[in-house]
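Colleague: Any chance you could fold what I've pasted below:
(2 chains)
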Amino acid sequence: MEPTRIIYWNIPYHNLVYILVIIPIALFIWGFIRIFRLIALGKPDNRLDHLGSRLKDKLLYVLGQWRVFKSPLIGIAHGMVFFGFLVLLVGTMLEALHVLFHLFEIKGWFYLILSFLLDILGFAVLVGIIIAAVRRYILRPKYLDRMWEDGVILSLIALVVITGFIVEALRIAVLKPPFEVWSTVGWTIAPIFEGLGKSSILTLHQIMWWVHMALSFAFIAYIPFSKLRHIFTSPASVFFRSSLPKGELPPTEDLEQAETFGAATVNQLTWKDLLDLEACTRCGRCEDACPAHASEKPLSPKNIIIDLRDNLHRWGAKIAKAGDEGPPDDALIIPTSIEPEELWACTTCRACMEQCPILIEHLPKIVEVRREQVLMQSAFPKELQLTFKNMETNSNPWGLGWAERGKWAEELGVKTLAEDADVDYLFYVGCMGSFDERAKRVACDFVRLCQRAGIKLGILGGEEKCCGDNARRAGNEYLSYMLMLENIETFNAYDVRRIVTICPHGYNTIKNEYPRFGGRYAVFHHSELLADLLLDGKLTPCNNGGKPGRVIYHDSCYLGRYNDIYAEPRKILEAIPGVVLDEALQHHRKSFCCGGGGGRMWLEEEIGKRINEMRMEELMGKDPQTVVTACGFCMTMFEDALKAKDMVGQVAVKDIAELLWEAQGEG
Amino acid sequence: MNIIVCVKQVPDTEAIIQVDSVDNSRILEEGITFILNPYDEYAVEEGLLIRERLGEGKVTAVTVGPSRSESALRDALALGVDTAVHITDEGIESADPFAVATILSKFISSLPHDLILCGRQAVDDDFAQVPAILAELLGLPQAMFVVGLEIDSQDMKCKARREVDGSHEVVEMVLPAVITCSRGLNEPRYPSIRGKMQAKKAEIPRKSLADIGLDVESAGLASPKVKVRSLGLPPSREAGKKLEGEVDDVVKVLVEELKSRKLL
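Modeller: Down below sits the predicted model:
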């Protein structure tokens, strides 16, 4: 007998299936139309550019499960379920094509291979589900919550697979074809049922077959109404991912023309933002990576997404119907879905987005809500008002006289472009390097290194303005726009081509955000330039008696996660004699924020623990002699942490440029 | 309720002030950012708060100054005042407090006014004279350095809590009255983008002395009561000196040092 299986064997009235299936399919379609309508409430956003890389990302992040696997245990479990489902889906489709259209026969070796694959992968799904259940209900990692839909979904999938195997086993128990050894799982459990007697097995088979069908239908119908929808929405979220540079915030409405700014209600987010809400599975990786959450602030990036989604589901239809009166007050994102304390706790460190397996964009949503709060409501933490005014009047957050901006460089003989515009690089010093006593020393050492290497730098002095990063991430798009435009106008007037800066925030915003406003330059962080100078032999560090000893490098968010600069600072450190470079517990893309980004530098940190102190304690755990940064913000935050913890003198906090300058010989 | 807020444009408090070497009665304006006088922000805010509390009213900002002072009015408009008026004429930048008060009183008396709010002083010359003279010229009651204000629009009265040495004094006055606003009265708001955009586009009427029925003579510009002879920067403070060493030696050096400076 040729190996095959009679479809609908022992199932009278099986044609009923074709009528009954209409119910789950109708629910499925209705559910997704509802979701589609909600997503369509969002503002337009072109997410169809760069189709090639979109398809590539889809292969990598969806089929390759690239980020899912980065968390090993659940990565494997999800992989088992994902690939299992994929193969079961293909198998079922093949059978459907066979039954409905008789396109081909499923028999012989083809049947055996298919049976084997389906059994093995069905089993894999079951194992994956068990791992997932153990993790969620027994291991209970703290970033994973437990909602009733989680239990329903895990049970539903497990029961579909188990009943499938039982149906198979019962059939085998009656027919006993020897080739069915390839339907491995069914074959293995078939003997259990053999003692029941043929008629009982046949009845049981029929019952279990219908149960299996009912559960499968329930599964299909449940997809759009539960996080199962991610089967469809998550791949969509990956496909429609942002094509902006990682460091660029999405542009806002035309500041001169638009009537409203930012998002007061969910429909003022983009459709992709709303798709993200439907794509989230509450896996909690973002929350686990969030420094605000780790320091016991009310913010969790996961909850931002979930709360916005609840808002969309609760109010979406009403917002769509609302006429000129506008949406009801309860639909407002602040405070219905997000508390101000949550909104302002974000340091924009990007750890959440770096972790999300399906490339959800948390940060743009947070900033979009901040924009509405700042631009429309003038509602923001009190301390920021002074910061904003200082930036407006004196183009720096402290409000120090702008005319003194270039004073730090006087004794070094650095000229301004107004004095001499023929330079290798414009040195954009930034507010920190210009006004902060500590960061000024970094600026000076960087200039000395360049002078030693024969690189001619020019600065702008009083003509340099604040880069606009802090204002932008604090939601003050108008202020940052003014600052950016002023800088661009000055840069372009001097025909600036190459810019080097010691500030990762200025680096990021000039490199990634200025082009949209007409400022296109080759932008370098000083770690890049210094690493190059070392490579070219223009700088030769020597052991200068100073002993840097055990050194830990702290990856700044805006250098690392935002711009993938991880190697250059380390190369510099490795080139310095006497440096023993070690890594922090959390480093590279998993680096833990200093707490100073996104405008947080200018805000009090009153809730929970202090992020800078947490990071400093973590770094101190490695017992370093020197903590090295490449960012003035991180340096200030760490030195503040040392003062607060009464640990001044226990460790040195230095910039890479300072360490490298100390290692320069006298000649 | 018609509320008039008198504002002034002043150099930013962090600006580096340099005296003009040619005419040392004035400062060099190059490189200086001009801002709305910080105390006037309290006056503007109080006007807006009163309008919001009453649910009606009109807040008018007025300044007397050269053409650059228009930006102070735009700042006030961005914060939410209803209209702004700029009184400007040749030579008006050198008007002394009496002249400014004269011009303001002439202009304000032509408008309906129930309350006149000013900052307690301008942070450039720190005269703190204009509001008091203005009240006198208009024949209105005044309360200076106010940190608490209650308006009774029914009986047209107000109760003002004002700072006096080490204490507070509460005065009750009939409206209209002149009030100068001090830190602590309120927390000035941050302008919304809508306010900023409207302020940017707003037409600010300019009035010359002739427009308000004055000339150089009657405005007090021709014969100022206060004339600035010269300006000078405060002497820069000498760096401190740290004496180190054994106590006995240090004390000797200290005594010598104090004697040589004729402090002992």
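
Colleague: which residues in the chain form strands?
Modeller: I'll assume chain A. For chain A, the strands defined by DSSP state E cover A:425-428, A:457-458, A:498-501, A:522-525, A:549-553, A:579-582, A:626-629, A:652-655.

Colleague: Chain B, not that one
Modeller: Taking DSSP E as the test, the strands found in chain B are B:2-7, B:9-11, B:34-36, B:58-64, B:83-87, B:115-119, B:142-152, B:157-164, B:167-174, B:177-181, B:206-207.

Colleague: hmm, back to that, I'd like to know which of the strands of chain A is closest to A:L449.
Modeller: Of all those, it is strand A:457-458 that lies closest to A:L449, at 10.1 Å by CB to CB. The C-beta positions use only the backbone N, C-alpha and C, and glycine is treated the same way.

Colleague: Adjacent strands (with direction) for the closest one?
Modeller: strand A:425-428 (parallel) (DSSP bridges).

Colleague: chain center to the strand it pairs with: distance?
Modeller: Distance of strand A:425-428 from the chain centroid (CA atoms, centre = their mean, to the nearest Å) equals 31 Å.

Colleague: Kindly provide the whole-number mean pLDDT of stretch A:459-474.
Modeller: The pLDDT scores in stretch A:459-474 average 97.

Colleague: And chain B, is that stretch touching that?
Modeller: Yes. Using CB under 8 Å from any CB of the partner chain, stretch A:459-474 comes into contact with chain B via A:G462.

Colleague: before we move on, back to that, now distance to A:Q206 too, for the strands of chain A, in a markdown table please.
Modeller: Listed next are those as a markdown table, based on distance: least, CB to CB, whole Å:
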| stretch | distance to A:Q206 |
| --- | --- |
| strand A:425-428 | 77 |
| strand A:457-458 | 84 |
| strand A:498-501 | 74 |
| strand A:522-525 | 70 |
| strand A:549-553 | 67 |
| strand A:579-582 | 66 |
| strand A:626-629 | 70 |
| strand A:652-655 | 74 |
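
Colleague: could you dump those to CSV with mean neighbour count and distance to B:V64?
Modeller: Shown next, in CSV, are those (neighbours: other CB atoms under 10 Å in any protein chain shown; distance: least, CB to CB, whole Å):
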stretch, mean neighbour count, distance to B:V64
strand A:425-428, 25, 41
strand A:457-458, 20, 43
strand A:498-501, 21, 45
strand A:522-525, 20, 47
strand A:549-553, 21, 59
strand A:579-582, 17, 65
strand A:626-629, 24, 52
strand A:652-655, 22, 51
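
Colleague: Which one, of those strands, ends up nearest to B:V62?
Modeller: strand A:425-428 (41.9 Å).

Colleague: List the neighbours of that closest one that are in contact with it.
Modeller: Here strand A:425-428 makes contact (CB atoms under 8 Å, 6 or more residues apart in numbering or on different chains) with A:414, A:417, A:443, A:446-447, A:450, A:455-460, A:464, A:467, A:491, A:494, A:496, A:498-501, A:503, A:506, A:510, A:524, A:529.

Colleague: hmm, who's touching the helix or strand of chain B with the lowest mean pLDDT?
Modeller: Every helix and strand of chain B was ranked by mean pLDDT, DSSP states H and E. The lowest is helix B:247-260, at a mean of 89. Applying CB under 8 Å, 6+ apart, the contact partners of helix B:247-260 are B:241, B:243-245, B:264.

Colleague: ok, now which ones touch the closest residue to A:I11 other than its chain neighbours?
Modeller: Nearest non-adjacent residue to A:I11, counting by CB to CB, 6 or more residues apart in numbering or on different chains: A:W209, 5.6 Å away. By CB under 8 Å, 6+ apart, A:W209 lies in contact with A:10-11, A:167.

Colleague: could you check the distance from A:W209 over to A:T203?
Modeller: 11 Å (CB to CB, to the nearest Å).

Colleague: Over to B:K241?
Modeller: From B:K241 over to A:T203 the distance is 106 Å, taken as CB to CB.

Colleague: Which one's more surrounded, the two?
Modeller: A:T203 (13 against 8; other CB atoms under 10 Å in any protein chain shown).

Colleague: That one and A:W210, how far apart?
Modeller: Noted for A:T203: a distance of 11 Å to A:W210, by CB to CB.

Colleague: cool, and A:D119?
Modeller: Applying CB to CB, the value for A:D119 to A:W210 is 21 Å.

Colleague: In terms of neighbours, single out the busier of these two.
Modeller: The neighbour comparison of A:D119 against A:W210 (other CB under 10 Å) goes to A:D119, with 22 against 18.

Colleague: Identify the residues contacting the more buried one.
Modeller: Neighbouring residues of A:D119 by CB under 8 Å, 6+ apart: A:165, A:168, A:182-186.

Colleague: Scan those and report the most crowded one.
Modeller: The residue in these with the most neighbours, by other CB under 10 Å, is A:S183 (27 neighbours).

Colleague: Can you read off the pLDDT for the closest residue to that one other than its chain neighbours?
Modeller: Distances taken as CB to CB, 6+ apart place A:S115 nearest to A:S183, at 4.4 Å, with adjacent residues excluded. We have a pLDDT of 93 for A:S115.

Colleague: my guess is A:S115 contacts A:V181, does it?
Modeller: No. With contacts counted by CB atoms under 8 Å, A:S115 stays clear of A:V181, the gap being 9.6 Å.

Colleague: And the helices in the stretch 101-250 of chain B?
Modeller: Using DSSP state H, counting those that start in this stretch, the helices of the stretch 101-250 of chain B run over B:130-138, B:193-201, B:247-260.

Colleague: My guess is A:L114 contacts A:T92. True?
Modeller: No. Contact criterion CB under 8 Å: A:L114 and A:T92 do not qualify, at 10.5 Å.

Colleague: can you list residues touching both of these two?
Modeller: Counting by CB under 8 Å, 6+ apart, A:L114 and A:T92 have no common neighbour.

Colleague: between the two, who's got more neighbours?
Modeller: Between A:L114 and A:T92, A:L114 has the larger neighbour count (other CB under 10 Å), namely 20 against 12.

Colleague: so what's that one up against?
Modeller: By CB under 8 Å, 6+ apart, the residues touching A:L114 are A:91, A:94, A:106.

Colleague: swap in A:W271?
Modeller: A:W271 touches A:39-45, counting by CB under 8 Å, 6+ apart.

Colleague: Can you tell me which of these is nearest chain B?
Modeller: Minimum distance to chain B across the contacts of A:W271 is 17.6 Å, recorded for A:K43 (CB to the nearest CB).

Colleague: What residues does the closest residue to chain A within the stretch 151-264 of chain B make contact with?
Modeller: For the stretch 151-264 of chain B and chain A, the shortest gap (CB to the nearest CB) falls at B:I193, measuring 4.0 Å. By CB under 8 Å, 6+ apart, the contact set of B:I193 is A:255, A:261, A:375-376, A:478.

Colleague: cool, and A:S115?
Modeller: A:5, A:180, A:182-183.

Colleague: Residue 60 - how many residues pack around it?
Modeller: You didn't say which chain, so I picked chain A. 14.

Colleague: Oops, wrong one, chain B.
Modeller: Residue crowding around B:T60 was assessed by other CB under 10 Å; the count is 21.

Colleague: Quick check: it touching B:C6?
Modeller: No. B:T60 lies out of contact with B:C6 (CB under 8 Å); the separation is 9.7 Å.
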